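Visitor: Take this sequence and fold it.
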Amino acid sequence: MIAPYASNRLAYNKHSYYVLSMSDDLGFLLGDAARLLRRSFDERARVMGVTRPQWRVLALLKRFDGSTQVTVADMLDVEPITLGRMVDRLQDAGLVERRADPADRRSWRLHLTPAGEEKIEALRPTALALFDDALAGLDAAKRLELEAMLNIIRANLTRKPLDVSHG
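Guide: You can find the predicted model right below:
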């Protein structure tokens with residue numbers, strides 16, 4: 001459905017406006033797709049008693065168990081105090097535990113508990129179903145190609161920016 005006030009380059013559905021040609025605004029398209037993935041995951045995970053930010057913490061700890069709170073906050077792109085509150089709730093739920101860092105008594109290391117491991121395993125089918133829904137219409141080769149392209153974009157954006165003077 002095209003909104004009556006939109007140009008012929010825009011389309012609309014109940015969740016988003018989007019540009020019909022990817023080359024017109026790649027940033028908008030990537031951002032909109034990410035937003036819709038987050039929204040859909042939130043809806044699906046809520047019924048399992050976990051929020052998306054909590055799932056992200058659990059998933060990171062699955063991959064990087066024993067990381068410091070500061071490192072996890074950096075990986076999530078949140079302030080350490082924000083992560084601290086998330087970890088408080090996850091610890092209260094018995095999914096994560098803090099352990100003192102033997103090398104730095106000011107620092108805490110985060111670890112999944114067995115219940116945290118179980119929660120991740122319970123959520124995995126939800127995440128996989130979401131990705132299947134999002135990638136419907138793309139065959140295996142196109143899915144691999146998309147993943148490869150997104151990995152290139154991510155690598156390009158995680159490089160240290162050049163120091164450019166504007167003078």
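Visitor: shaky segments in this structure?
Guide: For the chain, the stretches with pLDDT under 70 are 1-24, 160-167.
Visitor: longest strand of it?
Guide: strand 104-112 (DSSP state E).
Visitor: helix or strand right after that one?
Guide: Once the chain leaves strand 104-112, the next helix or strand it forms, by DSSP states H and E, is helix 114-134.
Visitor: Please report phi then psi for residue 96.
Guide: Dihedral angles of residue 96 (phi, psi; degrees, to the nearest 10) stand at phi -140, psi 150.
Visitor: meant to ask about residue 99, not that
Guide: On the backbone of residue 99 - angles per degrees, to the nearest 10 - the values are phi -130, psi 140.
Visitor: pretty sure it contacts residue 108?
Guide: Yes - assessed by C-beta atoms under 8 Å, residue 99 is found in contact with residue 108 at 6.9 Å. For the C-beta atoms, the positions are set from N, CA and C on the backbone; glycine is no exception.
Visitor: Please compare these two by neighbour count and tell me which comes out ahead.
Guide: Higher neighbour count among residue 99 and residue 108: residue 108, with 19 against 10, using other C-beta atoms under 10 Å.
Visitor: Show me the strands in the protein, by range?
Guide: Remark: strands assigned in the chain by DSSP E are 10-13, 16-19, 96-101, 104-112.
Visitor: what about residue 144, distance to residue 122?
Guide: Using C-beta to C-beta, to the nearest Å, one gets 27 Å for the distance from residue 144 to residue 122.
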